[in-house]
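Visitor: Let me see the structure of the following:
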Amino acid sequence: MTDTADTAPTTAVELAELALCCADLWLSALRTYYSDCRSVSRGVVTADTEALEDLTGSGELLANLCRPLDVDPETVAELMLEALDAGRRWTLEATLAMKKPDSDISVTRPVSDTQKTKTATADVG
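Guide: Have a look, this model is predicted:
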């Protein structure tokens, strides 16, 4: 068996899988950024204020998070501010909505290894 951990991806499939993993990583970073903003806006005493200060200020950190995803940081900032005003949370369904043109989606996904499923609706935008 060959150890591929130190081997660079060579096929289109490997590169696509790597790109998806990178996109998921950056989306997770954006989710954390938004969650920090939401915690501060809800008055959580232990919340880190850096993200909200950035969102309502220079936006430099948000721009750095958006660059690898090739999304407009000003648009993301506007959407985040609207979502904060509406009290929305960032959920898996909201992340999936970013990949679809619909603003209101319904997603069914497995909850665990059992055959049960959970249906959720997220209003994003």
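Visitor: Show me which residues of the one helix or strand Cys66 maps to are buried.
Guide: Here Cys66 sits within helix 60-66, counting by DSSP states H and E. Applying a neighbour-count criterion of 16 or more other C-beta atoms under 10 Å, one finds Leu61, Leu62, Leu65, Cys66 buried in helix 60-66. Heads up, the C-betas are built off the backbone N, CA and C, glycines and all.
Visitor: how about these in CSV, adding pLDDT and distance to Leu18?
Guide: CSV is the format used below for the buried residues of helix 60-66 (pLDDT from 0 to 100; distance: C-beta to C-beta, whole Å):
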residue, pLDDT, distance to Leu18
Leu61, 96, 25
Leu62, 96, 24
Leu65, 93, 19
Cys66, 93, 20
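Visitor: now those as a markdown table including distance to Arg38?
Guide: Output for these, formatted as a markdown table (distance: C-beta to C-beta, whole Å):
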| residue | distance to Arg38 |
| --- | --- |
| Leu61 | 16 |
| Leu62 | 14 |
| Leu65 | 16 |
| Cys66 | 18 |
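Visitor: Summarise which helices and strands the helix holding Cys66 is packed against.
Guide: helix 12-41, helix 50-55, helix 73-86 (3 or more C-beta pairs under 8 Å, 6 or more residues apart in numbering; DSSP states H and E).
Visitor: mean pLDDT for the ones you listed: which is lowest?
Guide: For the helices and strands packed on helix 60-66, the weakest mean pLDDT is recorded on helix 12-41, namely a mean of 89.
Visitor: Next, the angle from it to helix 73-86.
Guide: Put simply, helix 12-41 runs at 50 degrees to helix 73-86, going by axes from the mean of the first three to the mean of the last three C-alpha atoms, to 10 degrees.
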